[in-house]
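> sequence and predicted model, in that order:
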Amino acid sequence: MLTTETVLLTSLCYIGALFVIAHYGDRRASAGRSIISSPYVYALSLAVYCTAWTFYGSVGRAARSGPEFLAIYIGPTLMASLGWVVMRKILRISRIHRIASIADFISSRYGKSAALGGVVAVIAVLGIVPYISLQLKAISISFLLLTHYPESHVTVGFGGLSFFRDTAFYVAALLAVFAVLFGTRKPEVTERHEGLVAAIALESVVKLVAFLAIGFFVTYGLYDGMADLFSRASRRSDLSDLFTLEMSAGASADWTVHVLLSMLAIIVLPRQFQMAVVENVNEEHLKKAMWLFPLYLLAINIFVLPVAFAGMLQFGGQAVDADTFVLRLPLAYGQNALALLVFIGGMSAATGMVIVETIALSTMISNNLVMPLLLHIPALRLDRSSDLSAWLVAVRHAAIAITILLGYIYFRQTAEYYPLVAIGLVSFAAAAQFAPALLGGIFWKGGTRAGALSGLIAGFLVWLYTLVLPTMTDAGLMPPGFIRQGPFGIHWLRPFQLFGLTGFDTISHGVFWSLLINTGAFIGVSLFSKQSALEKTQATMFVDVFHFSREGRESAVWRGTARVPDLTSLLERFLGKARTQEALETYARSRGKIWDLSLNADPGFVTHVEKLLTGAIGSASARVMVASVVTEESFGLEAVMDIVDETRQVIIYSHELEKATADLKAANERLQELDRLKDEFISTVTHELRTPLTAIQSIAEILRDYPDTGKKEQGEFLEIMINEIKRLARLINQVLDFQKIEAGRMAWQVNPLDLVQVIRDAVDATRQLVAAKGLHLTAEMPEQVPEIAGDRDKLMQVMVNLISNAVKFCDPHIGRIHIAMVHRGNMLEVSIKDNGIGISEEAQELIFQQFTQVSPPGLGRPQGSGLGLAIAKRIVEFHAGSISVRSAPGQGAGFTVTLPVDRTGGTA
């Protein structure tokens, strides 16, 4: 047993050393000489994953279930091998968008949604609080054990202790002070905390050295190596099961779920996102971390089984918590110095987690909960003279204190009833709820805000029901019957056998249902909900992030007007004048600009300001604040193109469209050389081609001459050009068909065919067009008609053209189209009637003339009848038939096609 004074003095000296390291790291960073710009430091900082759960809990789990404890470390090792695929993408996105937390990441991906960011923040806080309590529990137990060993009362509950006698209370206070001093001193949370990272890297070394020390002591001090230790353990009947993995279906399922859970945790735990993404100095460091971090996990776990076996051999007949074997073994053999080193190692594991976790959570609370609420206060929005940078820092300080306090309260109320691993897995399961929205968001453009929100809420509620509420029964906060009989005696709602599912352990059961329902809701709702314009833009920018970074371009998502002084004033409110001036000077130098404060801001500058604010207050709040000083011109959904390979494709489209324009001009010139019979036809066609040609050429020249045009302007231009190209393609196809028919070069495919089936196929082909306009289409066909000889595709083209023409001139939702066929002697008559605007007598005389493309003004039918009718007439005439129209203005139109049943013409 060590004296309380000795343990406290050693602990304070160690924490003081961390303060010194953190302060030194910050000073070096301010001087431009970073001490963390190393892949080795980066890999060590990722080892914040190894908490008190690893240091104490892994031994406890190994003593109960043997090698099963490895699942929590195999998962991160597997994910590390995918690091270049997943983590590199997350890193690149976060760097470009200045993302500071996982809540901000998910919020930004789905249209910068404040509601979504708030939900993620709430889940993170409620899910991680039990994990923080785990660390406080580990520190308290180890302190009591170290200062009172071998007295029996060291394992009793903490509920009866006063605050002032509880070591965890003072540890919590010290950790809050450390996190405040070295984690939240600047309003911009995307600024790296180099001193903090240096301290965390040092803690990773200390906990590794401490665990290796106890491992060597047990394996080679108490026993003659692993062979001797394992041999002795194998002779104990109660330990033989610890040498193998249980291979039953249920055990295999539990193992698989735990591996999956830990794979996700290494990405989605707030502290891992903080260290792996926010604090990353160089993306290339990820390459070495991909093998250094798994190597660290191997090293810190290599002696877990030996220590567990030694503890079982030493204390197997006693009521001893296996989580404390790491500390009890050196104390049992009088190795007080080693026990003190082990205590410091365990404290390093716990404190590192609490510090980083609370910093990450404070960012979420500030950016995604407090700021969106306060932005609804008019005074905060309108008073542009106040400096809110100090206020932002104060909010984060308060968030750290509140988070640690919640962890301490949870520890006092419930944590004493559960082993360390159980508490840790509950928090892992909460963080895993972020995975569908996060991973789906970076690989699937179809994910929507509604889908992500539905999935997160559904998964969180299932997690709460199956994993959290049951933990409150032992604490007396929930009735015991809740677990055994289910709420209100409904057995299929029992939290550990939900919907009758059995065979899983409690953690795997909760993870299975929560992730299944979460993922199902995310995908299902996304498939049946629409994205906003901003969601589409963000989806493409996230999924195709490497295209943007390779082009070296930023995406300016704003289109509007704003003055530089307004944006500068906005930045000063949240960043302070000094930081704002530094940021704007850096931006100006990078673009070779000299600011004229009287000028309007360009889209690139507006986007840059929004990103700077995102680093301080989150993406959703930043967009709201920028919108308060920017007069934005919004696009309707119809004007938003489906941005595929956004920036990169602009250049490709521009070149291709210029070439297409030149080819079309050449085709225009060739058409003008045709004989006199085609002169009127050429005049009409070129009239129709001129408008899209001019539009395409003008826009292509704009894209060529102004390559820095904003992304949204480029998107609108591209959609216009794409629509014009489609229009040109239809016109050109019609021109070519007309020319072939007129020249007698059309390749006809004449075969016996059922005209009724041709009409039905035409109706099917136009069904979507009819439905989109809300029209009512009916068809009346005889049961059997004679076959005719004809070209099926060409006759279907006639029917599709006539139905489309009727759709075009019917009023939405009240329009009706009726198709009928009658057999009269040797002829089949097909009529297509509509109740549209009708056609005047003068227009009827011109409607089928060879070159009529546009009805003359005032003739009762709007422009756009098209070459299709002229082609339809030629096709029908080839089949020795006729086509006519009967109509009156305001009374609809009826087209009648008559075809013989026993012959086909061969000329048109």
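Structure received. Just so we're clear, the structure is a prediction, and the values are computed from it rather than from any experiment.

> what residues does the helix or strand where Val885 lies touch?
Here Val885 sits within strand 882-887, counting by DSSP states H and E. Here strand 882-887 makes contact (Cβ atoms under 8 Å, 6 or more residues apart in numbering) with 798, 838-839, 844, 847-848, 872-873, 876, 893-898. Heads up, the C-betas are built off the backbone N, CA and C, glycines and all.

> pLDDT on it, on average?
For strand 882-887, mean pLDDT rounds to 87.

> can you give me the buried ones in it?
Ser882, Ile883, Val885, Ser887 (16 or more other Cβ atoms under 10 Å).

> next one: the last one from Leu828, what distance?
Right, the one you point to is Ser887. Separation of Ser887 from Leu828 (Cβ to Cβ, to the nearest Å): 22 Å.

> most widely separated two among the buried residues of strand 882-887?
Farthest pair in the buried residues of strand 882-887 (Cβ to Cβ) is Ser882 and Ser887. Separation: 16.7 Å.

> low-confidence ranges in the stretch 451-600 of the chain?
474-477, 548-566, 570-576, 578, 582-583, 586-600 (pLDDT under 70).

> residue boundaries of the strands in it?
560-561 (DSSP state E, counting those that start in this stretch).

> again, but for the chain
Secondary structure of the chain by DSSP state E: the strands cover 560-561, 631-632, 750-753, 776-780, 788-791, 816-824, 827-834, 882-887, 893-900.

> for the protein, where's the lowest mean pLDDT among helices and strands?
helix 378-382 (a mean of 49; mean pLDDT, DSSP states H and E).

> hey, what's Glu829 bridged with?
Val822, Thr898 (DSSP bridges).

> hang on, isn't Val822 packed against Glu829?
Yes: contact criterion Cβ atoms under 8 Å: Val822 and Glu829 qualify, at 5.1 Å.

> and Ala22, which of the strands of the chain is closest to it?
Nearest of the strands of the chain to Ala22, taken as Cβ to Cβ: strand 631-632 at 42.2 Å.

> neighbours around Ser133, how many?
28 (other Cβ atoms under 10 Å).

> how much space between the residue nearest to it when sequence neighbours are not counted and Ile132?
In space, and not counting its chain neighbours, Ser133 is closest to Phe411: 3.6 Å by Cβ to Cβ, 6 or more residues apart in numbering. As defined by Cβ to Cβ, Phe411 lies at a distance of 8 Å from Ile132.

> where does the stretch 201-350 of the chain dip in pLDDT?
246-250, 317.

> where along it do the helices fall?
226-234, 249-268, 270-273, 285-301, 304-315, 325-332, 336-364 (DSSP state H, counting those that start in this stretch).

> now the angle from the second one to helix 285-301?
Between the axis of helix 249-268 and that of helix 285-301 there is an angle of 130 degrees, by axes from the mean of the first three to the mean of the last three Cα atoms, to 10 degrees.

> same thing with the last one?
Compare the direction of helix 336-364 with that of helix 285-301 by the same axes, to 10 degrees and you get 140 degrees.

> distance of Phe293 from Ala213?
Distance from Phe293 to Ala213, by Cβ to Cβ: 21 Å.

> tell me which of those two has more neighbours.
Phe293 (25 against 18).

> of the buried residues of strand 882-887, closest to Val525?
Closest to Val525, out of all of the buried residues of strand 882-887 and judged by Cβ to Cβ, is Ser887, at 47.5 Å.

> enumerate every residue touching the closest residue to Ala299 other than its chain neighbours.
Spatial nearest neighbour of Ala299, excluding adjacent residues (Cβ to Cβ, 6+ apart): Leu208 at 6.2 Å. Listed by Cβ under 8 Å, 6+ apart, the contact partners of Leu208 are Ala47, Tyr296, Ala299, Ile300, Gly345.

> any idea how many residues pack against the first one?
To tie it back to what came earlier, the one meant is Ala47. For Ala47, using other Cβ under 10 Å, the count is 25.

> nearest spatial neighbour of it, skipping sequence neighbours?
Ser204 (3.9 Å).

> next: the last one.
Excluding the flanking residues, the one nearest Gly345 by Cβ to Cβ, 6+ apart is Ala210, at 2.4 Å.

> so how far is Ala339 from the one you found?
10 Å.

> cool, and Ser38?
Taking Cβ to Cβ, one finds Ser38 at 33 Å from Ala339.

> now swap in Phe69 and tell me
23 Å.

> residue contacts, the residue nearest to Met364 when sequence neighbours are not counted?
Distance criterion Cβ to Cβ, 6+ apart; nearest residue to Met364, sequence neighbours excluded, is Ala121 at 3.9 Å. Residues counted as contacts of Ala121 (Cβ under 8 Å, 6+ apart) are Ala103, Leu361, Met364, Ile365, Asn367, Asn368, Leu369.

> in helices only, show me those residues.
Members of the contacts of Ala121 lying in helices (criterion: DSSP state H): Ala103, Leu361, Met364.

> I figured the first one hits Ala115, correct?
Read it as Ala103. No: using Cβ under 8 Å, Ala103 is not in contact with Ala115; the gap is 11.4 Å.

> ok so, going back, report the two of the contacts of Leu208 separated the most.
Spatially, the most separated pair among the contacts of Leu208 is Tyr296 and Gly345, at 13.9 Å (Cβ to Cβ).

> these two - which one has more neighbours?
With neighbours defined as other Cβ under 10 Å, Tyr296 and Gly345 compare such that Gly345 has more, 28 against 22.

> does that one touch Lys207 like I think?
Yes: using Cβ under 8 Å, Gly345 is in contact with Lys207, at 4.4 Å.

> need the residues touching each of those two.
Common neighbours of Gly345 and Lys207 (Cβ under 8 Å, 6+ apart) are Phe55.

> count the residues that sit near Ser30.
10.

> and it, how far from Gln497?
According to Cβ to Cβ, Ser30 stands 57 Å off from Gln497.

> same deal with Ala47?
On the measure of Cβ to Cβ, Ala47 and Gln497 end up 37 Å apart.

> cool, Pro900 as well?
For Pro900, the distance to Gln497 - Cβ to Cβ - is 75 Å.

> got the contact list for stretch 65-81?
Contacts of stretch 65-81 (Cβ under 8 Å, 6+ apart): 49, 53, 58, 61-62, 86, 241-246, 254-255, 258-267, 289-291, 293-294, 297-298, 301, 304-305, 421.

> okay, now Gly32: neighbour count?
6.

> can you give me phi and psi for it?
Dihedral pair for Gly32: phi 80, psi 20, per degrees, to the nearest 10.

> who's in contact with Ile302?
Contacts of Ile302 (Cβ under 8 Å, 6+ apart): Gly215.

> check the one 5 residues further on too.
If you count contacts by Cβ under 8 Å, 6+ apart, Val307 has them with Val59, Ile214, Gly215, Val218, Phe325, Val326, Leu329.

> show me where pLDDT drops low in the stretch 701-850 of the chain?
Checking the stretch 701-850 of the chain against pLDDT under 70 turns up 701-717, 719-745, 842, 844-850.

> next one: the stretch 1-150 of the chain
In the stretch 1-150 of the chain, residues with pLDDT under 70: 1.

> now the helices: where do they sit in it?
For the stretch 1-150 of the chain, the helices defined by DSSP H, counting those that start in this stretch occupy 4-30, 39-46, 52, 58-65, 71-81, 87-97, 102-109, 114-148.

> Gln272: which of those helices is closest?
From the helices of the stretch 1-150 of the chain, taking Cβ to Cβ, the stretch that ends up closest is helix 39-46, at 7.2 Å.

> what about Gly215, distance to Arg236?
20 Å.

> repeat that for Gly83.
Applying Cβ to Cβ to Gly83 and Arg236 gives a distance of 41 Å.

> between those two, who's got more neighbours?
Gly83 (21 against 13).

> that one contacts Ala289, doesn't it?
Yes: contact criterion Cβ under 8 Å: Gly83 and Ala289 qualify, at 7.1 Å.
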